[in-house]
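> heads up, no residue letters with this:
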């Protein structure tokens, strides 16, 4: 078939016997046969070439016209001088006009189809023809005028009124797919047609329907079998999306990722494997799992997928070299499938030779239980396993994986005390000796590293801060050594090797025993609450043992105590859980270890005691005995006729109430904290120190007041005030010069003068010189005092985990300068993680500190998020070249609280953290804000029963309270910048001596009454 104007080429094959015979071409006419070509006659536009090697003669016709259509006969001369020929081939050449008209697509998925072709009014009486073609070769032709061209299953009808002729195909087969041309005859007696429509007919055959059930969060493997089309392209698609895209691996015999699924086209078995790596509810629906037999023909199996919500997640842990058993349940009628995920999360099948079937569960007799045993567990066995059920249908096999098992391998825990060193050993498979290895606190991830994560390369040593990693490739072990252990080091450590990503294959637990201990003394029948720290929400343990190593069980947790009197209460956000023990007994005394990775020693002493009920019972019994005795005596006197009268004596119950103590405590051994009104002098160098709070808002500006003592020698001399500058000394006040906001009052009677500064600004900070004129008419002065005036802002008090904003106002002349906020004084040589600098009208952000400069308001603000104990301290605002001009204190209230219950007369010791050696404070108040004074320190308690003991190197000081009283009960806040809440409860106590004294008194009263009765 060829278009008008194009070149037509066809070939005719002949036998070996005709290689040397002349070739000839004929064309059939209506009533005759015309010779088109021979050795003596050559028609224009026709040419013949003879390929004797391949035994082919090729005919070429250029500039084809409608008249060129027809039947051509390829022949050879039998005898060249006669009219005898041997016809070797017949070729039907169809010439069409304007191929191929309007194009349309028809999809067929049933046993019958029809399509129509529209023609023009002038063509209504022309013969109609349908061609099925492939590469311009006519496979079939159906005509409306020639009965011999009518085909079985094909029928053509011509609707001349609507200018349509329709084609109907019954009993559709896959072979019916292809390209159909609708045409009309140009010349009724030739092979020339005008093509008016091209129809692309796609045949889709559904060979079966299967149903499968998966589980949300689980895995699903579908095997689509096409054994008769092994190398044909295979696909899967979802019908609800209209199957616009057919997911195909693109390559064969290799896993390929395609969206949410992995595909594998196995050409040896003719199977397409589809693996859903994490099923979702949205994956439910109807799918086609098919094969493209040809461009116009495909065959598929319909899969109806249902997704449910009952996936099980199991974590198994095993020591290296031991045996582990993994148990799963599957429906009774299904085949067991057990597999392990590879690095691409594809679950590869494992031989089921190690599967042991167990008896069905009596509660769920529709399921059966099987166990997989892995003996002599090695490093390669760690990973994720799945088990589920395999179901086979006619054309599909689907595997629903419903139980995920995470198999972790671990080593014995490492138990060390605070301050010691710990070694963590990580054995590995020799195949990884050239790979980089990592030791991480928490799982290793290249996106989430912390300070105790480090990586080592082959045969090298890596050292950062306190962690050293060393890789011994000969022994296939790398070792991590952590020095100077702290509470923050405790936790779960993972060993990992780096392939395409970090593979965490082995873990151990580092348990740190704190040096700080808790000593508790209680009485029988009392209750006690003990607070313990934990880093892991799933590990809250409490153990009674002489040594912490005796508490370790299975390398993970601490042995817990099982007793109805013991209970847990937990606030996950605080990192602290509380152990409550009720109805204490003497045998509860002993050493306990509480926490998880951070373990604290608790020494509990339970003393024998008499409960209030026993005391009341004894007293009532004695009173009843005394009353009964008096009654007997009276009855005896009545019998004797004697009248007895007795005076009733009233006793007043005395209740004593101690005066409320003052709210502050002074420690002689620590540096004092001074307010505005209490300014100490240091006679040795005559220096004065003052601290002034600076308020951000103008309407609430504070003022500074400094009192200076004059020697009696200078009592009559005029007063003068200087302020030191960077390169000069400025006169601030004299009798002839008075600076606004500065005033001086001179008390000559007491030899004192007071300097008062109102509306204090940051620029007022600095060094002031107080002096007197020696000679009023000269420039001679005597400096009698030097005052360092520090400008500070009100403290910022926040709780652990919250955010804090620190405001730093500045003079508008500095708006174009860089500003800094620093923990401690700003210095370019000594920066820490909470130091940052901001430029004009910009924002700077590093980790948890954000600085923002508002040049309009002349204030830059530092915001610290997720406050921790390490954030507490003194912060300085500084300008360019580290000019520290303003400071404030950030006070962090810890979420962890301390609950103590004591009895009157007991002693108690309370440990408090401090960062500043010169600030060790203890305060009693309902709210911590009530303790803040002068923006620096906490209100101290002054009482002879309170004392401090301190070990500077530990960062802790201890408050000791002796001879406790009931009025000592209340809320205390201890620390400096880091504040801990202490709830102290002091109960009334009847000691054994008090009980004996009370009972003796009652017995004496009763005995005296009896004696008096007998004497009368």
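Sure thing, it's come through. The shown structure was predicted, so the numbers you read here are calculated from the model rather than taken from an experiment.

> ok, so what distance separates the nearest residue to residue 486 once chain neighbours are set aside from residue 913?
The shortest distance from residue 486 to any non-neighbouring residue, by Cβ to Cβ, 6 or more residues apart in numbering, is to residue 418 (6.5 Å). C-beta coordinates here come from the backbone N, C-alpha and C atoms, glycine included. Computed as Cβ to Cβ, to the nearest Å, the residue 418 to residue 913 distance reads 14 Å.

> now residue 856
Residue 856 is 40 Å from residue 913, where distance means Cβ to Cβ.

> who has more neighbours, those two?
residue 913 (20 against 9; other Cβ atoms under 10 Å).

> Touching, that one and residue 958? I think so.
No: between residue 913 and residue 958 there is no contact under Cβ atoms under 8 Å: 11.1 Å.

> for the protein, where's the lowest mean pLDDT among helices and strands?
strand 681-682 (a mean of 31; mean pLDDT, DSSP states H and E).

> mean confidence for the longest strand along the chain?
If you go by DSSP state E, the chain has its longest strand at strand 192-215. Here strand 192-215 scores 85 as its mean pLDDT.

> Tell me the helix or strand right after that strand.
Downstream of strand 192-215, the first helix or strand assigned by DSSP states H and E is strand 219-225.

> pLDDT of that next one, averaged?
The pLDDT scores in strand 219-225 average 89.

> now swap in stretch 827-836 and tell me
Mean pLDDT, computed over stretch 827-836, is 56.

> Equivalent analysis for stretch 804-814, please.
Stretch 804-814 carries an average pLDDT of 86.

> now do stretch 262-282
Averaged over stretch 262-282, pLDDT sits at 88.

> for the stretch 401-550 of the chain, which spans come out with low pLDDT?
Applying pLDDT under 70 to the stretch 401-550 of the chain picks out residues 446-461, 499-502, 535-540, 549-550.

> which neighbours does the longest strand of the chain have in its sheet, and in what orientation?
Paired strands of strand 192-215, with direction, are strand 95-97 (parallel), strand 102-108 (parallel), strand 178-187 (antiparallel), strand 297-308 (parallel) (DSSP bridges).

> okay, the ones you listed in JSON lines with mean pLDDT next?
Formatted as JSON lines, the strands paired with strand 192-215 follow (pLDDT from 0 to 100):
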{"stretch": "strand 95-97", "mean pLDDT": "75"}
{"stretch": "strand 102-108", "mean pLDDT": "74"}
{"stretch": "strand 178-187", "mean pLDDT": "82"}
{"stretch": "strand 297-308", "mean pLDDT": "89"}
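
> Nearest to residue 791, out of those?
The closest of the strands paired with strand 192-215 to residue 791 is strand 297-308. By Cβ to Cβ, the value is 66.8 Å.

> For the next helix or strand after the closest one, which helices and strands make contact with it?
As assigned by DSSP H and E, the chain's next helix or strand after strand 297-308 is strand 312-319. The contact analysis (3 or more Cβ pairs under 8 Å, 6 or more residues apart in numbering; DSSP states H and E) places strand 312-319 against strand 324-331, strand 396-410.

> okay, these in CSV with distance to residue 14 and mean neighbour count next?
As requested, these are exported to CSV (distance: least, Cβ to Cβ, whole Å; neighbours: other Cβ atoms under 10 Å):
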stretch, distance to residue 14, mean neighbour count
strand 324-331, 69, 18
strand 396-410, 52, 21
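
> got the ones you listed as JSON lines, with distance to residue 596 columns?
Converted to JSON lines, these look like this (distance: least, Cβ to Cβ, whole Å):
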{"stretch": "strand 324-331", "distance to residue 596": "24"}
{"stretch": "strand 396-410", "distance to residue 596": "15"}
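
> Of all those, which one is nearest residue 123?
strand 396-410 (50.3 Å).

> Now do the SS call for residue 431.
Assigned state for residue 431: helix (three-state reduction, DSSP: H, G, I helix; E, B strand; the rest coil).

> Then residue 944?
Assignment for residue 944 (three-state DSSP): coil.

> Provide a list of residues in contact with the residue nearest to residue 486.
Residue 418 is in contact with 485-487, 512-515, counting by Cβ atoms under 8 Å, 6 or more residues apart in numbering.

> beta partners for the closest residue to residue 109 other than its chain neighbours?
Excluding its sequence neighbours, the residue lying closest to residue 109 (Cβ to Cβ, 6+ apart) is residue 204, at 4.4 Å. Listed by DSSP bridges, the beta-bridge partners for residue 204 are residue 298.

> Kindly report the same for residue 754.
Here residue 754 sits in beta bridges with residue 707, residue 745, going by DSSP bridges.

> likewise residue 517?
Counting by DSSP bridges, residue 517 is bridged to residue 601.

> helix, strand or coil for the closest residue to residue 853 other than its chain neighbours?
By the measure of Cβ to Cβ, 6+ apart, the closest residue to residue 853 outside its immediate chain neighbours is residue 860, 4.2 Å from it. Following three-state DSSP, the label given to residue 860 is strand.
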